[in-house]
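**Q** Fold the following.
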Amino acid sequence: MKSYTITVNGVAYDVTVEEGAGNGAAPAPAPKAAPKAAPKAAPAPAAPAAPAGGIEVKASVPGKVCKIEANVGQVVKPGDPIVVLEAMKMEIPVVAPQDGTVASINVAVGDAVENGDILATMN
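**A** Predicted structure coming up:
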């Protein structure tokens, strides 16, 4: 058996595939992974409601989320770290652009992000 991590729409799934078995054994892990993704996907639709009157904190580089430094409801000042990205074997903090309160965190540790992806929102 081989294990893979597959990312779909920013959500990582761990999948195990049996080699040489065409009996349908591989689809069983997919439904197990899908319910795990459903709770992660639920906060994301709530996030677009916040940016209407809020501030979007976006990724400045493509990379992988390695730390989440702030919590929802936390008051931050300009320069306070919100998320830390790993890109090219370097840790790059994504900081608050201005005073405010963290309204949502739209990523999880391990998520792959692209330049311009919304990582968090602030009020």
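
**Q** Return the residues in contact with the residue sitting nearest the centre point of the chain.
**A** Taking CA atoms, centre = their mean, the centroid of the chain lies closest to residue 107, which sits 2.3 Å from it. Counting by CB atoms under 8 Å, 6 or more residues apart in numbering, residue 107 makes contact with 10, 65, 68, 83, 113, 117, 119-120. To be clear about C-beta, it is placed using only N, CA and C from the backbone, and glycine gets the same treatment.

**Q** try residue 81
**A** Per CB under 8 Å, 6+ apart, neighbours of residue 81: 69-70, 93-96.

**Q** ditto for residue 66
**A** Residue 66 touches 84-86, 91, 109, counting by CB under 8 Å, 6+ apart.

**Q** Of those residues, keep whichever come out buried.
**A** 84-85 (16 or more other CB atoms under 10 Å).
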